[in-house]
Structures are given as structure tokens and as C-alpha cells.
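Q: need a 3D model of the following:
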Amino acid sequence: MRRTVQLMMLLAVLLLTAGCGSQGTESKEVKTAVPEKIVVQAPLGPPTAPLFKMAEENPLKGTKVELVIYKSVEEATTRAVKGEADFTVLPVNVAAKLYNKGVDISLANVSTWGILYLVSTDSAVQDWHDLTGQDLYVGARGSTPDVLTRYLLDKNGLKAGEVRLNYLESPEIAQMMINGLVTNAVLPEPMVTQVLLNSKESRVVRDFYSDWQQFEGYSAQLPQAGMVVRNEFAKAYPQALREFQQAYARELDSTVADPAGAAPLIEKNLKMPAQVFIQSMTRTRLKYVSGSRAKPDVNTYLTTLLELSPDMVGGKLPDENFFLAD
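A: The predicted model follows:
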């Protein structure tokens with residue numbers, strides 16, 4: 001009887017050991033799975049510059065990086081909702097809005113920390129108050145330029161309607177300003193540089209980043225845009241996710257350190273003169289921060305927008321799972 005019990009115990013141990021070995025093998029297989037390609041969608045903006053190089057050089061072994069350039073936030077969100085892109089560069093508030101609507105994404109990183117400026121061809125416009133009773137052209141309604149413009153107008157004591165907001169796409173506004181058809185505009189880099197180089201009367205009046213710190217504290221950062229990842233992709237390919245994040249961080253640092261080195265690819269893909277891109281980088285704040293480490297600044301930013309207009313972030317702050325864990 002005693003021998004029988006000992007044999008049963010030994011058999012149980014062997015079965016448990018075999019089970020653990022099988023789980024370890026499956027886990028290893030999942031972690032080392034390699035996707036054939038990674039689809040990234042991004043706008044025609046500064047955070048896209050490193051992606052051109054990644055799409056050309058494919059830094060991930062065995063995986064092709066396919067870059068899709070989108071022309072509007074609506075186009076990007078439609079593709080993100082359908083799960084047609086593994087990574088998407090988006091305004092942070094739009095990312096939160098999608099998450100709050102149940103789209104299965106996480107904030108992988110924040111890359112853009114201040115590229116917006118108030119530009120005017122009117123020498124009498126020295127500050128926000130000087131816009132009272134005037135037209136101000138701003139990027140698409142609900143976009144980051146619109147959200148932050150309304151925030152700064154409010155903080156400067158200007159009530160709704162005291163400045164007439166006109167909404168067009170930023171490239172169209174920049175061209176109209178060059179043609180003398182627009183006096184006051186909110187523009188991102190590199191369009192600010194394009195306007196300054198082609199319109200002698202235009203000049204930068206306010207830096208949104210500095211104004212944000214004036215009201216939110218000088219240690220506060222301005223997390224304008226970042227990259228979301230499709231959670232299904234993140235779970236299936238954790239190693240590819242890590243390598244992609246590392247490659248993007250590396251190329252972003254390289255772009256900031258050497259704009260002239262990145263300029264040829266920008267000129268080739270965006271049809272933007274190298275001189276414009278290089279000069280624009282002096283007013284472009286790019287820095288890679290992972291989603292989890294950017295959380296304090298993102299929450300400060302989204303809380304402020306939530307108080308201004310709940311619809312801008314989807315009615316509430318996103319929960320902890322919005323931030324991709326390191």
C-alpha cells in the first residue's frame with residue numbers, strides 16, 4: 001500500500017513538472033513571435049520624421065515597417081477603430097477620446113511637447129487681448145490647436161465670441177497667410193517657418209508651450225501628441241513592441257540632434273525644402289517619453305481639457321489601463 005502511494009505521488013510530480021514545462025514553452029513562443037509587418041499611421045508633422053527612416057531601413061529584424069500618412073484626424077481615427085494600424089500618431093486628447101469610447105488601444109509614448117504658435121501680420125497684436133474683435137484662424141475644430149487656443153483665450157479672460165474663430169486645415173491657413181488673406185493664425189511647426197520665410201510682415205506673437213507653463217506651472221510639460229498601439233498587437237508581439245519603441249526613440253533623438261541629417265528624407269517624402277525643416281526644428285519640442293512615464297503630464301493636460309470641455313477627452317479621464325506599461 002505504502003509503495004502504491006509513493007508511486008502515485010511520483011506520478012503527480014512528473015505530471016506537474018511536465019505541465020510547467022509546456023506552459024514555459026508556449027510563453028516563450030508568444031514572446032518571440034515576429035510580425036511580418038507593422039503598420040504605422042502618422043500625420044504630416046514633426047513626430048513623423050523618424051518614421052520615414054524606419055520605413056526605409058526596417059530596423060526590426062524580419063519585420064517590415066509600413067508607414068501610412070493620413071491627411072485628417074478623422075481618417076486616422078476611422079482606421080484605428082477598424083484595427084487597420086498597429087501604431088497611430090495622434091493628439092493625446094483624441095487618443096483618450098478613442099480609449100474612452102472603447103477602442104482597444106493604449107498610449108505607447110508621447111513625442112510632441114510644444115509646436116504651436118500664435119502668428120500675426122498685424123504689428124498691433126502683441127498679446128491675446130489684442131485679438132479682441134478680430135478673426136483668428138485655427139486648425140480643424142476639436143483638434144489640438146483648437147483645444148489649446150480655446151484654453152488660452154479662456155485663461156486670458158476672453159469670453160466665447162470675443163475672438164472670432166475660423167476653422168480650416170492648418171496647411172490652408174498657412175498658404176492664405178502667405179498670400180495676405182489671413183492676419184492672425186494659430187499654426188504648428190513647420191508651417192510657422194514656412195510662413196515666416198514667405199511673408200515679411202508675419203511674426204510669432206505667442207508660444208503656446210510658454211503660455212501653458214505660465215498657467216499650469218513652470219514644471220508642467222505640454223503633451224500634445226503621442227503614439228497609441230493596438231492592444232491586440234501589444235499582447236501578441238511584446239518583443240516587437242519593445243524593439244519598435246526603442247527604434248522610434250533612437251530615431252527621434254537622432255532627428256533632434258541632427259535635423260540636417262534628417263532633412264533629405266523629409267524633403268523627399270513631404271516635399272518640404274530642407275531649409276524649412278531645419279529652421280523649424282529650433283521651435284519644435286520633440287522628446288520620446290513612454291506612455292507610463294508621461295502619465296503625470298498627460299493627466300494634468302487631460303484634466304484641464306476636461307474642465308474646459310468634457311467632449312475633448314470623451315467625457316472623463318481615461319483609467320490606468322490607458323497607459324501602456326513599460
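Q: quick one, helices of the chain?
A: 2-31, 49-57, 73-81, 92-100, 144-155, 170-178, 191-198, 208-216, 231-236, 238-257, 259-270, 274-280, 295-308 (DSSP state H).
Q: and those helices, which one averages the lowest pLDDT?
A: The minimum mean pLDDT among the helices of the chain belongs to helix 2-31 (a mean of 46).
Q: turn the helices of the chain into a markdown table, columns for distance to V138 and mean neighbour count.
A: For every residue, glycine as well, the C-beta is placed using N, CA and C. Formatted as a markdown table, the helices of the chain follow (distance: least, Cβ to Cβ, whole Å; neighbours: other Cβ atoms under 10 Å):
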| stretch | distance to V138 | mean neighbour count |
| --- | --- | --- |
| helix 2-31 | 46 | 10 |
| helix 49-57 | 24 | 20 |
| helix 73-81 | 14 | 17 |
| helix 92-100 | 15 | 24 |
| helix 144-155 | 5 | 21 |
| helix 170-178 | 8 | 20 |
| helix 191-198 | 12 | 22 |
| helix 208-216 | 12 | 18 |
| helix 231-236 | 33 | 16 |
| helix 238-257 | 27 | 18 |
| helix 259-270 | 22 | 17 |
| helix 274-280 | 19 | 20 |
| helix 295-308 | 15 | 18 |
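Q: looking at the ones you listed, which is closest to K287?
A: Between K287 and those, the shortest separation by Cβ to Cβ is 7.5 Å, and it involves helix 238-257.
Q: just the angle between the closest one and helix 259-270, please?
A: Helix 238-257 and helix 259-270 are oriented at 110 degrees to each other (axes from the mean of the first three to the mean of the last three Cα atoms, to 10 degrees).
Q: for D104, what are phi and psi?
A: When quoted as degrees, to the nearest 10, the phi and psi of D104 stand at phi -80, psi 80.
Q: correct me, but it touches V229?
A: No - at 10.0 Å, D104 does not count as touching V229 under the criterion of Cβ atoms under 8 Å.
Q: show me the contacts for the closest residue to D135 other than its chain neighbours.
A: Distances taken as Cβ to Cβ, 6 or more residues apart in numbering place R164 nearest to D135, at 4.8 Å, with adjacent residues excluded. Going by Cβ atoms under 8 Å, 6 or more residues apart in numbering, R164 touches 134-136.
Q: my read: L270 touches L44, true?
A: Yes - counting by Cβ under 8 Å, L270 does reach L44; the two are 5.9 Å apart.
Q: what about the residue nearest to V147 when sequence neighbours are not counted, distance to S292?
A: Of all residues beyond its chain neighbours, the one nearest V147 is M312 (5.4 Å), with distances taken as Cβ to Cβ, 6+ apart. For M312, the distance to S292 equals 23 Å [Cβ to Cβ, to the nearest Å].
Q: ok, now V94?
A: 19 Å.
Q: my guess is E267 contacts I278. True?
A: No - E267 is not in contact with I278 according to Cβ under 8 Å; the separation is 10.3 Å.
Q: okay, the helices of the chain in TSV with distance to T121 next?
A: Below are the helices of the chain laid out as TSV (distance: least, Cβ to Cβ, whole Å):
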stretch	distance to T121
helix 2-31	56
helix 49-57	28
helix 73-81	28
helix 92-100	29
helix 144-155	18
helix 170-178	7
helix 191-198	9
helix 208-216	19
helix 231-236	46
helix 238-257	30
helix 259-270	25
helix 274-280	19
helix 295-308	28
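Q: who's in contact with the nearest residue to A325 once chain neighbours are set aside?
A: The shortest distance from A325 to any non-neighbouring residue, by Cβ to Cβ, 6+ apart, is to S292 (5.7 Å). S292 makes contact with 323-326, according to Cβ under 8 Å, 6+ apart.
Q: just the buried ones among these, please.
A: 323-324 (16 or more other Cβ atoms under 10 Å).
Q: looking at the contacts of S292, which two lie furthest apart in space?
A: The largest separation in those, counting by Cβ to Cβ, is between F323 and D326 at 9.4 Å.
Q: how far out from the middle of the chain is stretch 153-169?
A: A distance of 24 Å separates the centroid of the chain from that of stretch 153-169, by Cα atoms, centre = their mean, to the nearest Å.
Q: buried residues, it. List them.
A: 153, 155-156, 158, 163, 165, 168.
Q: any chance of those residues in a markdown table, with distance to L252 too?
A: As requested, the buried residues of stretch 153-169 are exported to a markdown table (distance: Cβ to Cβ, whole Å):
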| residue | distance to L252 |
| --- | --- |
| L153 | 31 |
| K155 | 30 |
| N156 | 33 |
| L158 | 35 |
| V163 | 35 |
| L165 | 32 |
| L168 | 29 |
